[in-house]
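Asker: With the sequence up front, the predicted model follows.
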Amino acid sequence: ETGVTQTPRHLVMGMTNKKSLKCEQHLGHNAMYWYKQSAKKPLELMFVYNFKEQTENNSVPSRFSPECPNSSHLFLHLHTLQPEDSALYLCASSPVAGELFFGEGSRLTVL
Amino acid sequence: EDQVTQSPEALRLQEGESSSLNCSYTVSGLRGLFWYRQDPGKGPEFLFTLYSAGEEKEKERLKATLTKKESFLHITAPKPEDSATYLCAVQAGAGNNRKLIWGLGTSLAVNP
């Protein structure tokens, strides 16, 4: 496999469920990101990891919990979400700041 | 306030009809400007990086240029497969204050 792979591609969950999004990159990059993409809004940075260490948390609510066990894997754990959290969640890796390689995203719907 | 504005919001072209997309920015301390292409239901795909005014980059029918206030993405003789949303992002600031600011994108449709 090559590039950045995200699973699942689609997820529907209730407000009381717990689920996780997974991201895996095969590019050898040391930086990994979670972004949120909503209609009519610019891409919204959520979390940044460099060499497995979280270097940025962009004031994200605690119902989103990231985990980075190694430089190739990134998870986003979801708990007690709200309907307004419905969006496309994008994972990316980067060799150089600003040059991001995105996965295809996980489309999340919160009922 | 740092800001990135893309225009037009949407553009419809006939196949072969050349045009340009605009990305204007007001940021303190430009570190780089980036163009991405996003197809429906997919993540953005990196296209170009521009670092300084006067710089140009080309890839197939696309050419990106940069001035001190804006960047243009020129599309020469577009084909239907060029239909996508084109996103611009600007990296500003320095050190721990460095951040990537995204525009809303231009949705391009090329009719056969």
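Answerer: Done, it's in.

Asker: roughly how far apart are A:Pro95 and chain B?
Answerer: Distance, A:Pro95 to chain B, by CB to the nearest CB, to the nearest Å: 10 Å. Glycine gets a C-beta too; all of them are placed from N, C-alpha and C.

Asker: list the buried ones in the host helix or strand of that residue?
Answerer: Assessed by DSSP states H and E, A:Pro95 sits inside strand A:87-96. The neighbour-count criterion (16 or more other CB atoms under 10 Å in any protein chain shown) identifies A:Ala87, A:Leu88, A:Tyr89, A:Leu90, A:Cys91, A:Ala92, A:Ser93, A:Ser94 as the buried residues of strand A:87-96.

Asker: Could you list the residues in contact with the helix or strand that that strand is followed by?
Answerer: Next helix or strand after strand A:87-96 toward the C-terminus (DSSP H and E): strand A:99-102. For strand A:99-102, the external contacting residues (CB atoms under 8 Å, 6 or more residues apart in numbering or on different chains) are A:3-4, A:25, A:27, A:29, A:33, A:35, A:90-94, B:34, B:36, B:43-46, B:49.

Asker: Of those residues, select the buried ones using a ChimeraX command.
Answerer: In ChimeraX, a selection of the buried entries from the contacts of strand A:99-102 looks like this (16+ other CB under 10 Å):
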select /A:4,25,29,33,35,90,91,92,93,94 /B:34,36,43,44,46,49
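
Asker: Which ones among the contacts of strand A:99-102 lie within strands?
Answerer: Taking DSSP state E, the ones among the contacts of strand A:99-102 that sit in strands are A:4, A:25, A:33, A:35, A:90-94, B:34, B:36, B:45-46, B:49.

Asker: who in chain B is up against chain A?
Answerer: B:4, B:31-32, B:34, B:36, B:41-46, B:49, B:87, B:89, B:91, B:98-104 (CB under 8 Å from any CB of the partner chain).

Asker: So which residues of chain B form strands?
Answerer: Going by DSSP E, chain B shows strands at B:3-7, B:10-14, B:19-26, B:30-38, B:45-50, B:56-59, B:62-66, B:70-75, B:84-92, B:99-102, B:106-111.
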